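> Attaching a predicted model along with its sequence, questions to come.
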2 protein chains.
Amino acid sequence: MAVETKVRKFLNDPALVVKESLAGLAAAHPDLLRYDAQQQIVVRKGAPKPGKVALVSGGGSGHEPLHGGFVGLGMLDAACPGEVFTSPVPDQMLAATKAVDGGAGVIHIVKNYTGDVLNFKMAAEEAADAGIKVEAVVIDDDVAVQDSLYTAGRRGVGATVLAEKIAGAAAERGDALAQVTGFVKRVNERSRSFGVALSSCIPPASGKAIFDLPEGQIELGIGIHGEPGRRRTTLGSASEVVDVMVEAVLSDLKLSRGAKVLVFLNGMGGTPLLELYLLYGEADRKLRAAGVEPVRNLVGSYITSLEMAGASLTVLELDDEMTGLWDAPVHTPALRWRA
Amino acid sequence: MAVETKVRKFLNDPALVVKESLAGLAAAHPDLLRYDAQQQIVVRKGAPKPGKVALVSGGGSGHEPLHGGFVGLGMLDAACPGEVFTSPVPDQMLAATKAVDGGAGVIHIVKNYTGDVLNFKMAAEEAADAGIKVEAVVIDDDVAVQDSLYTAGRRGVGATVLAEKIAGAAAERGDALAQVTGFVKRVNERSRSFGVALSSCIPPASGKAIFDLPEGQIELGIGIHGEPGRRRTTLGSASEVVDVMVEAVLSDLKLSRGAKVLVFLNGMGGTPLLELYLLYGEADRKLRAAGVEPVRNLVGSYITSLEMAGASLTVLELDDEMTGLWDAPVHTPALRWRA
């Protein structure tokens, strides 16, 4: 073979990995979305839909299926993927906003990373100048650290997926801009997350691990770009790891006894489903022991950090309205069901 | 933390990883299935269904979501998970067969590994003695090698997922035993697969890699337990890797020009979705260039080898009947849609 790759990755030119992956996503799902290579945005098929509130999200790539894999019926209208672990630029966000605006307003769902927040802000201002009503909600559900490598305040992680699903269903049924925005905020306010890692990921461009974590060690409170967490310690049993995750989330979320929750047990990319279900079993049991009731769940790798071995726990306190919207039909590459 | 784990895995007792993972699967999906811990089988909720042909599959664990994640409406009625990379025992298979027999017969979908084939054969004989009509179909779609570490003849890999979906839909709509069995055979006959790996997996019990593959190398024709493939070479570009996969599959499947195919681009567990979609884009383009038409696809990690970095390509030549059954409703932990 002529071109040699030194890292354990399937790549052509590392500089083109995002573009080529998005082209593959579009080739696999032409019934759901299209890829605008010029603007580097993923747009729902048939958008804009007149009178429908549109949802746009985006951020650095490397977290797939987030966000491109959530474009489709009942979730996002467009996604703006930046390069790996790099914020998209305002032009992408503006192009996505214009591509999906159906006159009822556009919501930007923004994970709290400094670059994303600034760029979405600029895009929202330009969109407003162009006469588009834009609301932005910043997601900051990660209880691990107050400030971080790329963030002032809390980081936005797993709640993003839940907000996209629940608010997406509200937009799909025809809710107005203020109502749909309210659901994004409500999901963020009622969610908390905590992640752990057993290994670093390796960005394609550098081919180098972001941090070194010796075998037998665990990073508690990791971010989705390999940002440091609360502390590093000796890896204990799965039960002990879940104790830490559940305690971190519940001590911050402050649920009333008997609260109904959605439990999102997420893989960071390199952890087998065998282990994720083992972790889910532990989390389900410990949450029930703590007096809350898991009534919905999502288990799998939905907001990842390339091939990082690790997992995160997100708990969302549900109400009847959010539960109904969670159950509502969705048809995207990564989430698909009908009620 | 009291218990220390030396490998990069979420585990309690390594000897209990399969049991604890299955308990977690059942806790997450009580609406779909139940876990019989005594027999170590996963059984569809409401089974047996009188008059419905039942589908049973199974094999070593470590390939999740295969098979437990495919139990539910429109796919499997039961799964028998062995320990990691170890065949289930005949008693599990017999218990599963009895648990789902609704009087219309039971089909065993058996991946071609020597232990699985022998044990399913014993279970089928015992089930027949108990008055249950059993048909067994051995899946052997892997073109990589003729004989292998655990196999006489070809190995059974990706076609298993497709057979479970398509035959499962036929059983769901009420087809008789001979017809449903015919669909399993048809999918197997019209499918070919080829896998590659960039790293070994690490079974939980040993905590050791099965083989050593230096960075910058690729194993072509890998099996799902780390069995050796055709050859090891320098890792080239993604495009070159897909050339090898497509050539291996098409030279064996012998499609007529314009054939409609389902393309299954599968991750081995440790390869990010970012890369899988890049590979899908390459495969889609190269297959079209070779004169065949991808009309359905499945992209993701559905038959895995723990955290192995790698991918496999399965191509199934569709006809209208198989296409309709692929599109039919399915509701399992890992595959879920309605037509």
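The structure has been received and is ready for your questions.
> So A:F183 sits against A:M322, correct?
Yes - between A:F183 and A:M322 a contact is recorded at 7.3 Å, counting by Cβ atoms under 8 Å. The way it works is simple: take the backbone N, C-alpha and C, and place the C-beta from them, glycine included.
> Now list whatever residues contact both of those two.
Contact criterion Cβ atoms under 8 Å, 6 or more residues apart in numbering or on different chains; residues shared by A:F183 and A:M322: A:I166.
> Break chain A down into its domains, please.
Recorded structural domains for chain A (assignment: automatic domain parsing) are A:14-189, A:191-337.
> Could you tell me how far the first one lies from the centre of the chain?
The reference is to domain A:14-189. Relative to its parent chain, domain A:14-189 has a centroid offset of 10 Å by Cα atoms, centre = their mean, to the nearest Å.
> same check, this time on the last one
Computed by Cα atoms, centre = their mean, the chain-centroid distance of domain A:191-337 equals 12 Å.
> tell me which element A:F264 is part of?
Assigned by DSSP states H and E, A:F264 belongs to strand A:260-267.
> and that strand, what's its mean pLDDT?
In this model, strand A:260-267 has a mean pLDDT of 98.
> same deal with stretch A:293-300?
Mean pLDDT, taken over the full extent of stretch A:293-300, equals 98.
> Show me the strands in chain A, by range?
Taking DSSP state E, the strands of chain A run over residues A:33-36, A:41-44, A:54-61, A:78-84, A:106-111, A:134-139, A:191-197, A:217-220, A:231-234, A:260-267, A:293-300, A:310-317, A:330-331, A:336-337.
> Where does pLDDT dip in chain A?
Segments of chain A classed as low confidence (criterion: pLDDT under 70) are A:1-5, A:339.
> Identify the residues contacting the closest residue to A:K286 other than its chain neighbours.
Spatial nearest neighbour of A:K286, excluding adjacent residues (Cβ to Cβ, 6 or more residues apart in numbering or on different chains): A:V246 at 4.8 Å. By Cβ under 8 Å, 6+ apart, the residues touching A:V246 are A:283, A:286-287, A:290, A:313.
> CSV please, covering the strands of chain A and showing distance to B:A27 and mean neighbour count.
Output for the strands of chain A, formatted as CSV (distance: least, Cβ to Cβ, whole Å; neighbours: other Cβ atoms under 10 Å in any protein chain shown):
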stretch, distance to B:A27, mean neighbour count
strand A:33-36, 33, 21
strand A:41-44, 34, 26
strand A:54-61, 30, 29
strand A:78-84, 32, 26
strand A:106-111, 29, 28
strand A:134-139, 27, 22
strand A:191-197, 20, 28
strand A:217-220, 23, 21
strand A:231-234, 27, 14
strand A:260-267, 10, 24
strand A:293-300, 8, 19
strand A:310-317, 14, 28
strand A:330-331, 23, 20
strand A:336-337, 19, 16
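> B:F264: which of those strands is closest?
The minimum distance between B:F264 and those falls on strand A:336-337, with 16.4 Å, by Cβ to Cβ.
> name the helices or strands packed onto the closest one?
For strand A:336-337, the packing partners by 3 or more Cβ pairs under 8 Å, 6 or more residues apart in numbering or on different chains; DSSP states H and E come out as strand B:336-337.
> List the neighbouring strands of the strand it packs on plus their orientation.
Applying DSSP bridges, strand B:336-337 is found paired with strand B:330-331 (antiparallel).
> these two touch, right, A:A197 and A:I222?
Yes - A:A197 is within contact range of A:I222, at 4.0 Å (criterion: Cβ under 8 Å).
> Spatially, what comes nearest to A:I132 if we skip its sequence neighbours?
With sequence-adjacent residues excluded and distances taken as Cβ to Cβ, 6+ apart, A:I132 is closest to A:D101, at 4.9 Å.
> Would you show me how to pick out the buried ones of the contacts of A:V246 in PyMOL?
For anyone working in PyMOL, the buried entries among the contacts of A:V246, judged by 16 or more other Cβ atoms under 10 Å in any protein chain shown, can be selected with:
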select buried, chain A and resi 283+286+287+313
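> quick check, nearest of the contacts of A:V246 to chain B?
Nearest to chain B among the contacts of A:V246, counting by Cβ to the nearest Cβ, is A:A283 at 8.5 Å.
> picking that back up, could you export the strands of chain A as a markdown table, including distance to A:L25?
Shown next, in a markdown table, are these (distance: least, Cβ to Cβ, whole Å):
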| stretch | distance to A:L25 |
| --- | --- |
| strand A:33-36 | 7 |
| strand A:41-44 | 7 |
| strand A:54-61 | 11 |
| strand A:78-84 | 10 |
| strand A:106-111 | 19 |
| strand A:134-139 | 23 |
| strand A:191-197 | 25 |
| strand A:217-220 | 30 |
| strand A:231-234 | 35 |
| strand A:260-267 | 19 |
| strand A:293-300 | 17 |
| strand A:310-317 | 23 |
| strand A:330-331 | 15 |
| strand A:336-337 | 14 |
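> so the residue nearest to A:I132 touches A:K52, yeah?
No - look at A:D101 against A:K52 with Cβ under 8 Å: they stay out of range, at 9.8 Å.
> More neighbours: those two, which one.
Neighbours were counted for A:D101 and for A:K52 using other Cβ atoms under 10 Å in any protein chain shown; A:D101 has more, 26 against 21.
> so who does the more buried one touch?
Contacts of A:D101 (Cβ under 8 Å, 6+ apart): A:48, A:54, A:127, A:132.
> who wins for most neighbours among those?
The residue in those with the most neighbours, by other Cβ under 10 Å, is A:A54 (30 neighbours).
> check contacts around it.
Contacts of A:A54 by Cβ under 8 Å, 6+ apart are A:47-48, A:77-78, A:97, A:100-102, A:104-107, A:171.
> From these, pick the one nearest chain B.
Nearest to chain B among the contacts of A:A54: A:A78, at 17.4 Å, using Cβ to the nearest Cβ.
> Next up, the contacts around that closest one.
A:41-44, A:47, A:54-56, A:58, A:71, A:96-97, A:99-100.
> at 6 Å what do you get?
A:41, A:43, A:56, A:96, A:99-100 (Cβ atoms under 6 Å, 6 or more residues apart in numbering or on different chains).
> Then A:G226?
Listed by Cβ under 6 Å, 6+ apart, the contact set of A:G226 reads A:200, A:210-211.
> can you check A:V157 too?
A:141-142, A:193, A:224.
> now A:V244
Shown in contact with A:V244 (Cβ under 6 Å, 6+ apart): A:L220.
> before we move on, what about A:S21?
For A:S21, the contacting residues are B:274, B:277-278, by Cβ under 6 Å, 6+ apart.
> Walking through chain A, point out its helices one by one.
Secondary structure of chain A (DSSP state H): helices at A:17-28, A:90-100, A:114-129, A:159-172, A:177-189, A:238-253, A:273-289, A:320-327.
> from these, which stretch is densest packed?
With neighbours defined as mean count of other Cβ atoms under 10 Å in any protein chain shown, those peak in mean count at helix A:159-172, which reaches a mean of 27.
> wait, does it contact chain B?
No - using Cβ under 6 Å from any Cβ of the partner chain, helix A:159-172 stays clear of chain B, coming no nearer than 13.8 Å.
> Which secondary structure elements does that helix sit against?
Applying 3 or more Cβ pairs under 6 Å, 6 or more residues apart in numbering or on different chains; DSSP states H and E, one finds that helix A:159-172 contacts helix A:177-189, helix A:320-327.
> To B:R231, which of those helices lies closest?
Of all these, helix A:320-327 sits nearest to B:R231, with 48.3 Å by Cβ to Cβ.
> who's in contact with that closest one?
With Cβ under 6 Å, 6+ apart, helix A:320-327 has contacts from A:166, A:169-170, A:296, A:339.
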